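Chemist: Below are the sequence and a predicted model for it; my questions follow.
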Amino acid sequence: MMAADPRKGTRACTCHKASYTLEAAVILPLLAGFFAFLLFFFRVLQVQTGVQTALYCAGRKTACEAGTVDSEAALLVLAEAHFRKEIKNYEVIDDFVAGGTNGISLLMSDFTGDYIELKANYYIKSKINLIKIAGIHATQTTKNRKWTGIGGGGKQEDYVYVTQRGSVYHRSRFCHYLDLSISVVSADIVSDLRNKDGDIYYSCPTCAKNGLISEFVYITDYGERYHNRLSCSGLKRTIYLIPMSEVRGRGACSKCGGQENEERKN
């Protein structure tokens, strides 16, 4: 029997090692580039979140002060001041935006009409050497209605109060339907109780479904539902002041809808 040539096995082993080395030389840079791109992507999200937050705050503040400013140029200066004050809280801006915070321009913002639309334009610097680009252009906007007060110059428009899910509008901020008075009662007696309009209480479709109620429930003076949880959305009132022209199909409140400029009675 002939002995195997040991050199043949050595050559095969050497070939496999060379193959692994070649694969590693190709794959590792690609893998490193992928993770670098992923990290850069999250940094871009951080930049955009910071810019949007600063835009929102600047837009809200500028809208509140719009009644004291008589020109669009002055509004731009005011918006710039609020924006610069907010944006400096985000250090990531200086690292990834071309020109830092000063590289973000609000010159394309629009202050005409009843709204303030702030528009931020800027370039995000590429931190990946594999991508040879000058920067990624980004544009972000926010829009707010100017607050100029009620009964200012020009045609006076009536303003009313509405809730997020309400089907009626209210002329008085102090309407009983807006001013919730919450009481805790035993579930055993809730069917015998009546609200101040004389109506009975029904189970809340959100927190008291299928007749399942707790030992104690929550009711309001003028509401028609009882609730299992104090945190139920039916016990919340987010109130908005809007022009009458934006009522959009809501009817008048039966309590205050026919009363003009009702004030709180002491």
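Modeler: Alright, I've got the coordinates. Numbering: from 1, shown residues only.
Chemist: just checking, Leu241 touches Asp158?
Modeler: No: if you go by C-beta atoms under 8 Å, Leu241 and Asp158 don't touch, sitting 11.2 Å apart. For glycine as for every other residue, the C-beta is placed from the backbone atoms N, C-alpha and C.
Chemist: Show the contacting residues for Ala54.
Modeler: By C-beta atoms under 8 Å, 6 or more residues apart in numbering, the residues touching Ala54 are 83, 86-87, 89-90.
Chemist: where along the stretch 1-150 of the chain do the strands fall?
Modeler: Counting by DSSP state E, counting those that start in this stretch, residue ranges of the strands within the stretch 1-150 of the chain are 115-124, 136-145.
Chemist: which one of those lies closest to Leu78?
Modeler: With C-beta to C-beta as the measure, strand 115-124 is the member of the strands of the stretch 1-150 of the chain nearest Leu78 (9.7 Å).
Chemist: re earlier: could you say which of the strands of the stretch 1-150 of the chain is packed most deeply?
Modeler: Most buried of the strands of the stretch 1-150 of the chain by mean neighbour count (mean count of other C-beta atoms under 10 Å) is strand 115-124; its value is a mean of 20.
Chemist: pLDDT on it, on average?
Modeler: What strand 115-124 shows for mean pLDDT is 90.
Chemist: Next: stretch 66-74.
Modeler: Rounded mean pLDDT across stretch 66-74 is 79.
Chemist: so what's Tyr169 closest to, chain neighbours aside?
Modeler: Val160 (4.2 Å; C-beta to C-beta, 6 or more residues apart in numbering).
Chemist: Neighbours of that neighbour, how many?
Modeler: Neighbour count of Val160, defined by other C-beta atoms under 10 Å: 22.
Chemist: so what does the helix or strand that contains it touch, helix or strand wise?
Modeler: If you go by DSSP states H and E, Val160 is part of strand 159-163. Applying 3 or more C-beta pairs under 8 Å, 6 or more residues apart in numbering; DSSP states H and E, one finds that strand 159-163 makes contact with strand 168-169, strand 239-243.
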